[in-house]
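Student: Here is my input; please provide its structure:
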Amino acid sequence: MKVCTSNKNGAKRIMAAKRYFDRAYEVQNKRETRALYEDWAEVYDQELEEKQYAQPGRCAEVLREMLPDGEARILDVACGTGLSGRALRAHGYAHVEGCDYSPEMLEKAKLSKAYDALFETDLNEPPMDAVDESYDAVTAVGAFSFAHVDPDALEEMIRVLKPGGPLIIGINEKYHDEGRVSAKLESLEAQGKLEVIKKEKGAHLPGADVDGWVIAARKAA
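Tutor: A predicted model of the protein is given here:
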């Protein structure tokens, strides 16, 4: 992200963006989370591009390995401003839909033109407005974090996923190491609802020296 030192307003926005990134790991509840993304939406893409956000591309690559059909219908949950949707489009997927908790982020996602449809939803208060077994794949890139989407929302993602469909999760290392997403996936495996295919640790936000995991699972057929 380019900074013009003579532009005081621009400099203030960059400083605010850096505070937004730090706050993403500090929010404590739904109200704080919504307020964060309401403020952050305007500069979200610039900041994450500056920090070399790698997870959307990594997740799209893993999905492409599991589901090469470019005509597949994909739901990108917690889609934010559309960074994941753009990565999916770049990997050849023609039919991507998105949902998010923040209306401001959805407005930015609409401008990305990466989605066939977008809708607002609170994944922590199911059900979302989607039909059972209506998607060929579901992606959740950056959805799971502190005071963001709860791991129990995996149940809702499985509900809307077709039997045998891939579920791709991109998660930062801090929240991964907290353990609740892994515990929920293990529980779902034990119930025979899905199978974890692979987990790969790698770049999440290289520009901020943050690693992350891509977890690939498949819904039981």
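Student: Name the spans of this protein whose pLDDT lies under the cut-off.
Tutor: 1-45, 47-48, 51, 147 (pLDDT under 70).
Student: Outline the domain layout of it.
Tutor: Using automatic domain parsing, the domains assigned to the chain come out as 8-50, 55-219.
Student: now these as CSV including mean neighbour count?
Tutor: For every residue, glycine as well, the C-beta is placed using N, CA and C. Putting the domains of the chain into CSV (neighbours: other C-beta atoms under 10 Å) gives the following:
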stretch, mean neighbour count
domain 8-50, 15
domain 55-219, 19
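Student: How are the strands of this structure distributed by residue range?
Tutor: Counting by DSSP state E, the chain has strands at residues 73-77, 95-100, 117-120, 137-141, 166-172, 194-205, 210-219.
Student: which residues sit in contact with Glu178?
Tutor: Counting by C-beta atoms under 8 Å, 6 or more residues apart in numbering, Glu178 touches Phe146.
Student: how near is it to Val149?
Tutor: Separation of Glu178 from Val149 (C-beta to C-beta, to the nearest Å) stands at 13 Å.
Student: how long is stretch 154-167 end to end?
Tutor: 9 Å (C-alpha to C-alpha, to the nearest Å).
Student: picking up where we left off before, between the strands of the chain, which gets nearest to Glu155?
Tutor: strand 194-205 (10.3 Å; C-beta to C-beta).
Student: residues contacting the residue positioned nearest the centre of the chain?
Tutor: The chain has Val141 as the residue nearest its centroid, 2.5 Å off, counting by C-alpha atoms, centre = their mean. The neighbourhood of Val141, defined by C-beta under 8 Å, 6+ apart, consists of Gln55, Pro56, Cys59, Asp76, Ala78, Leu83, Ser84, Ile168, Ile169, Gly170.
Student: Those residues: which two are farthest apart?
Tutor: Leu83 and Ile169 (15.5 Å).
Student: In space, what's closest to Leu63 - neighbours in sequence excluded?
Tutor: Spatial nearest neighbour of Leu63, excluding adjacent residues (C-beta to C-beta, 6 or more residues apart in numbering): Ile168 at 4.9 Å.
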